[in-house]
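Q: prediction below, plus the sequence it came from.
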Amino acid sequence: MPESPSNEFAVLRVVAVKGRAPAAAVAVAECLGLSVEEVDQRFTDLVDRGLAKSTPGGLRVVGPGRERVAELVAAESAQVDRAAVAALYERFCELNDELKEIVTAWQLTDADTPNDHTDEAYDAAVVARLSALHDRARPVVAAVADLAPRLAPYSARLDSADRRIAAGDHSYVTKPIIDSYHTVWFELHEDLIGLAGLTRADEAAAGRGA
């Protein structure tokens, strides 16, 4: 098993995947299980080193930072058991296909009708499908963390979204600006692509671009 990567890498990668991170750093701290003070210090360090830039919308990774992320992702990928990662990624992609169907069902009641979420029975059925998928995804996500410790927080993040949905907060199904199930899943997918030594272009060519 590779050694756990530094918090610098973890913070930089999260900001890069999100596109930009809130200036308050609270969201990133919650994602990674770090203190807000630690993340604030990492933000300052990244800006001072020219790897990121503060903007009105939050912290954004810039050119040198993207290059640094690519180097760190490649180094992490080189340390893991590639056969084990490939096998886990195939299992994830099977679940991902199902998640895409669930998200579509959440957004549309049929091919031409947006879901206005007034049919409680319909929404409950979709939520039940998502909960069942989460139960099957948990061991896969845990196994990924065993291979790459940096990815361990994904288990707790997905569990948290699942609990909030079960408690009735359906914004945690797909809402993009919070740690919704779909948001966290997308970020996990990005990290698995990197861990497997692949790119989004590779995935698009294989028909797995979303």
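A: Everything's here; your move. Numbers count the residues shown, from 1 in each chain.

Q: check contacts around the residue most central in space within the chain.
A: The centroid of the chain falls nearest to residue 187 when counting by CA atoms, centre = their mean (2.0 Å). Residue 187 makes contact with 14, 17, 18, 154, according to CB atoms under 8 Å, 6 or more residues apart in numbering. Bear in mind the C-beta positions are built from the backbone N, C-alpha and C, glycine included.

Q: distance check, the first one against residue 42.
A: Distance of residue 14 to residue 42, given as CB to CB, to the nearest Å: 10 Å.

Q: neighbour-wise, which of these two wins?
A: Each of residue 14 and residue 42 has its neighbours counted (other CB atoms under 10 Å); residue 42 has more, 26 against 22.

Q: how does the chain divide into domains?
A: The chain breaks down into these domains under automatic domain parsing: 7-74, 81-205.

Q: can you map out the strands along the chain?
A: For the chain, the strands defined by DSSP state E occupy 52-55, 58-61, 108-110, 113-114.

Q: most tightly packed of those strands?
A: The highest mean neighbour count among these, using mean count of other CB atoms under 10 Å, belongs to strand 58-61: a mean of 21.

Q: show the average pLDDT along that one.
A: When pLDDT is averaged over strand 58-61, the result is 88.

Q: for that strand, what is the distance to the chain centroid?
A: 17 Å (CA atoms, centre = their mean, to the nearest Å).

Q: quick one: which of the domains of the chain has the weakest pLDDT on average?
A: It's domain 7-74: among these, that one has the lowest mean pLDDT, namely a mean of 88.

Q: how far off centre is that one?
A: Mean-position distance between domain 7-74 and its chain equals 15 Å (CA atoms, centre = their mean).

Q: go on, stretch 111-121?
A: Per CA atoms, centre = their mean, the centroid offset for stretch 111-121 relative to its chain is 26 Å.

Q: going by neighbour count, which residues of that stretch are buried?
A: Residues of stretch 111-121 classed as buried: residue 115 (neighbour count, 16 or more other CB atoms under 10 Å).

Q: distance between the ends of that stretch?
A: Counting by CA to CA, to the nearest Å, you get 19 Å between the two ends of stretch 111-121.

Q: what comes up buried for stretch 16-29?
A: By neighbour count with 16+ other CB under 10 Å, stretch 16-29 contains the buried residues 16, 17, 18, 20, 21, 25, 27, 28, 29.

Q: check contacts around the fourth one.
A: With contact set as CB under 8 Å, 6+ apart, residue 20 has these partners: 55, 57, 58, 59, 60.

Q: in this protein, which spans are helices?
A: Along the chain, the stretches classed as helices by DSSP state H are 7-18, 26-32, 36-48, 63-79, 82-107, 120-147, 153-166, 171-174, 181-195, 200-205.
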